[in-house]
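J.: I need the structure of the sequence given here:
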Amino acid sequence: MPRPYQPADLPALLESWLAASRIAHPFLDEAFLEKEQRMIGEVFLPASDATVAVVDDRVVGFISLRENEVGGLFVHPDHQGDGHGRALMDHARASRPFLELEVFEANAIGRRFYDRYGFSEVGRGEDADTGLPVLRLRLE
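T.: This is a model prediction of the structure:
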């Protein structure tokens, strides 16, 4: 069952994020991932409504929301396919009238998950930090 993020969750959350990001974003270099990891802990999480998935008292995934925007959904690769991503998204969906997000076009893992969940493409753009193509998705 997902639960609200607590500051003590940060190390395990960042570990899950990095492991999942390396798998989903092989097109991003390690320096970029390390910079993003710092930003998550210092900037993004404090400004979001985050929920975590826990297995054996250890955070294995999270979703962060800012209003109706999914800022991130990540599950540690050792726990992908166990229903944690769906449970986190179900939790977010139950609390919002709709959800939107951006996903790298090259992120096949994320795109497959969002497609199966029912998100639809509503636009395309370019990531401001990398210049890589992103898709704008929405779930009513």
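
J.: quick check: longest strand of this protein.
T.: As assigned by DSSP state E, the longest strand anywhere in the chain is strand 58-66.

J.: Return the helix or strand residue 21 falls within as CSV; C-alpha atoms alone will do.
T.: Residue 21 is part of helix 10-24 when elements are defined by DSSP states H and E. Once non-C-alpha atoms are left out, helix 10-24 reads as follows in CSV (Å, rounded to 0.1, in the frame of the first residue of the first chain):
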residue,chain,number,x,y,z
LEU,A,10,15.2,10.1,0.8
PRO,A,11,18.3,7.8,0.5
ALA,A,12,16.3,4.7,-0.6
LEU,A,13,14.1,6.9,-2.8
LEU,A,14,17.1,8.3,-4.6
GLU,A,15,18.7,4.8,-4.9
SER,A,16,15.5,3.5,-6.5
TRP,A,17,15.3,6.6,-8.8
LEU,A,18,18.9,6.2,-10.0
ALA,A,19,18.6,2.4,-10.6
ALA,A,20,15.4,2.9,-12.6
SER,A,21,16.7,5.9,-14.5
ARG,A,22,19.8,4.0,-15.7
ILE,A,23,17.5,1.3,-17.1
ALA,A,24,14.8,3.6,-18.6
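
J.: other SSEs contacting that helix?
T.: Packing contacts for helix 10-24, counted by 3 or more C-beta pairs under 8 Å, 6 or more residues apart in numbering; DSSP states H and E, involve helix 30-39, strand 58-66, strand 69-75, helix 108-117. C-beta: built from backbone N, CA, C; applies to glycine.

J.: which one of these lies closest to residue 48?
T.: Relative to residue 48, the nearest member of the helices and strands packed on helix 10-24 by C-beta to C-beta is strand 58-66, separated by 4.0 Å.

J.: which residues touch residue 12?
T.: Taking C-beta atoms under 8 Å, 6 or more residues apart in numbering as the definition of contact, the neighbours of residue 12 are 58, 59, 60.

J.: one step back: is it possible to get TSV of the helices and strands packed on helix 10-24 that adds distance to residue 124?
T.: Listed next are the helices and strands packed on helix 10-24 as TSV, based on distance: least, C-beta to C-beta, whole Å:
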stretch	distance to residue 124
helix 30-39	21
strand 58-66	21
strand 69-75	17
helix 108-117	13
